[in-house]
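Novice: here is a sequence with its predicted model. Questions after.
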Amino acid sequence: MTTATELTQTAIEQFLYREARLLDDREFEKWLECYHPQAEYWMPAWDDNGELTEDPQREISLVYYPNRGGLEDRVFRIRTDRSSATSLPEPRTGHNITNVEILERRGSEIDLRHNWLSLYYRYNTTDTYFGTNFVTLDVSGPEPVIRKKKIVLKNDYIHHIVDVYVV
């Protein structure tokens with residue numbers, strides 16, 4: 001069992017890079033393994049006043065899954081073409097992660113934040129997305145897993161559907 005104080009900054013960054021690479025390589029089943037079964041995955045929306053929504057149960061969100069089951073369903077839909085957001089050709093993405101900052105270490109959890117930039121290529125067009133992620137890692141097992149992820153998408157105009165592999 002690992003404690004939060006034992007996991008180095010480099011090991012945390014390597015975990016985040018791996019999660020991003022799995023999305024870029026469309027290895028969604030391996031990507032799911034980065035998440036705890038009870039992981040909350042949330043991308044709040046911006047309200048009319050330019051503020052982020054604060055409650056996924058009462059306000060609109062761009063994406064909200066209260067546990068990994070929602071992510072598993074999303075991957076199933078992507079893989080089986082049962083998604084309005086997925087069609088051929090498949091998009092290509094490139095995720096870049098910067099400014100990884102450890103906010104708090106406690107017991108077997110680590111709270112961190114990092115900035116990200118994602119390039120999305122499809123139909124001869126490249127779109128750019130950027131934001132900040134707030135992540136809680138559970139490091140109690142042999143490998144870290146994401147217990148909670150809040151994705152703050154800073155673009156405030158989105159001209160097509162944003163899916164899990166974009167952010």
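Specialist: Everything's here; your move. Numbers count the residues shown, from 1 in each chain.
Novice: what's the first helix or strand after the biggest helix by length in the chain?
Specialist: Ordering each helix of the chain by length in residues (DSSP state H) puts helix 9-24 first. In the C-terminal direction, the helix or strand that comes right after helix 9-24 (DSSP states H and E) is helix 28-32.
Novice: give the buried residues for that following helix.
Specialist: Neighbour-count burial for helix 28-32, counted by 16 or more other C-beta atoms under 10 Å, picks out 28, 31, 32. The way it works is simple: take the backbone N, C-alpha and C, and place the C-beta from them, glycine included.
Novice: returning to what we had before: quick one: residues in contact with the longest helix of the chain.
Specialist: For helix 9-24, the surrounding residues in contact (C-beta atoms under 8 Å, 6 or more residues apart in numbering) are 28, 30-31, 34, 92-97, 100, 102, 110, 112, 114, 116, 135, 137, 143-144, 146, 164-165.
Novice: could you turn the buried ones of the residues you listed into a ChimeraX selection?
Specialist: Of the contacts of helix 9-24, the buried ones go into a single ChimeraX selection, burial set by 16+ other C-beta under 10 Å:
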select :28,31,34,93,95,97,100,102,110,112,114,116,135,137,144,146,164,165
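Novice: among the contacts of helix 9-24, which are in helices?
Specialist: Of the contacts of helix 9-24, the ones assigned to helices by DSSP H are 28, 30, 31.
Novice: ok, so what distance separates the first one from residue 22?
Specialist: Remark: distance between residue 28 and residue 22 (C-beta to C-beta, to the nearest Å) = 7 Å.
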